[in-house]
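**Q** could you work out the structure for the sequence below:
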Amino acid sequence: MHPDKLRSIMAAVANGKMSIEEAMVSLKELPYEDLGFAKLDHHRHLRRGFPEVVLCENKTPEQIMAIVDKMVERECNVLATRVSREVFESVHAVHKGAEYNSDARAMTITVRPIKRRKGNVTIVTAGTSDIPVAEEAAVTADMMGCRVLRVYDVGVAGIHRLFDRRHDISRSDAVVVAAGMEGALASVVGGLVECPVVAVPTSIGYGASFGGLAALLGMLNTCSPGVSVVNIDNGFGAGYFASLIASRK
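**A** As a prediction, the model looks like this:
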């Protein structure tokens with residue numbers, strides 16, 4: 001349940017416009033709602049400041065639709081990741097406000113206006129092939145209310161491209177760096193900026209990259225202080241973490 005909705009219920013009870021029994025009906029499914037195949041954490045927004053996010057991978061279209069329906073009913077903004085175009089089309093047929101980022105494979109439904117924060121999050125990629133992971137981070141940061149700047153295809157193979165955008169990146173409150181291959185870009189960016197850097201290794205690269213493992217190990221072994229690392233291809237986790245950092249300013 002959105003905090004504004006909870007406040008309105010409490011205010012209605014305090015003003016005598018709603019009985020305690022009526023309020024209990026509205027609140028009966030806190031802290032979660034059991035759908036059988038899923039337990040929706042309606043308290044997530046109250047605890048964390050952001051609703052539960054739906055990972056659609058390995059869920060059936062019917063399960064996804066049921067979860068989305070309940071979240072919209074509870075006036076929660078929806079962020080769903082790893083969404084196929086077919087699933088999005090099914091949801092969009094019912095919820096016309098649904099939007100789809102095909103690069104990120106992310107679906108959003110803005111039920112309530114997003115409260116904009118002061119924080120700036122910059123999303124940086126080593127190459128164009130890293131953009132899908134970066135876009136997942138960008139969509140997440142935007143839904144969390146941060147201003148998002150995209151700086152793509154500035155990897156170390158042509159590092160002058162990064163230096164051309166150094167001023168823009170240095171104005172960030174948090175930076176997400178998505179890189180595959182050897183993952184060196186995160187260390188370079190970490191040595192140029194004073195804000196925290198969230199490194200996300202991608203599964204881009206030839207055989208010895210081991211599906212992103214080489215980049216992961218390279219980022220974990222960074223010599224640049226202030227660099228944190230999330231799991232391979234976890235753009236959502238990187239965007240979420242960077243947004244929590246940026247929103248603390």
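
**Q** name the next helix or strand following the lowest-mean-pLDDT helix or strand in the chain along the chain.
**A** Taking mean pLDDT, DSSP states H and E as the measure, the chain has helix 20-27 as its least confident helix or strand, at a mean of 70. Per DSSP states H and E, the first helix or strand lying C-terminal to helix 20-27 is strand 33-34.

**Q** neighbouring strands of that following strand in the sheet, and parallel or not?
**A** Here strand 33-34 is paired, per DSSP bridges, with strand 39-40 (antiparallel).

**Q** okay, whatever helix or strand comes next after the strand it pairs with in PDB with CA atoms only?
**A** Next along the chain after strand 39-40, taking DSSP H and E as the criterion, comes helix 44-48. Output in PDB follows, covering the C-alpha atoms of helix 44-48 (Å, rounded to 0.1, in the frame of the first residue of the first chain):
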ATOM      1  CA  ARG A  44       7.500  -3.000   1.000                       C
ATOM      2  CA  HIS A  45       6.900   0.700   0.200                       C
ATOM      3  CA  LEU A  46       6.400   1.500   3.800                       C
ATOM      4  CA  ARG A  47       9.600  -0.200   4.900                       C
ATOM      5  CA  ARG A  48      11.800   0.600   1.900                       C
END
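
**Q** helices or strands up against helix 44-48?
**A** helix 3-14 (3 or more Cβ pairs under 8 Å, 6 or more residues apart in numbering; DSSP states H and E). (Each C-beta comes from the backbone N, C-alpha and C, glycine too.)

**Q** mind listing what's buried in stretch 145-165?
**A** The neighbour-count check on stretch 145-165 (16 or more other Cβ atoms under 10 Å) flags Gly145, Cys146, Arg147, Val148, Leu149, Val151, Tyr152, Val154, Gly155, Val156, Leu162 as buried.

**Q** ok, the third one touching Ile114?
**A** This means Arg147. No. With contact defined as Cβ atoms under 8 Å, Arg147 does not count as touching Ile114 (11.3 Å).

**Q** okay, how far is it across stretch 32-48, tip to tip?
**A** From its first residue to its last, stretch 32-48 covers 14 Å (Cα to Cα, to the nearest Å).

**Q** can you point out the buried residues in it?
**A** Buried positions in stretch 32-48, judged by neighbour count with 16+ other Cβ under 10 Å: Glu33, Ala38, Leu40, Asp41, His42, His43, Arg44, His45.

**Q** now compare the buried residues of stretch 145-165 and name the two farthest from each other.
**A** Distance extremes for the buried residues of stretch 145-165: the farthest pair is Gly145 and Val156 at 31.8 Å, using Cβ to Cβ.
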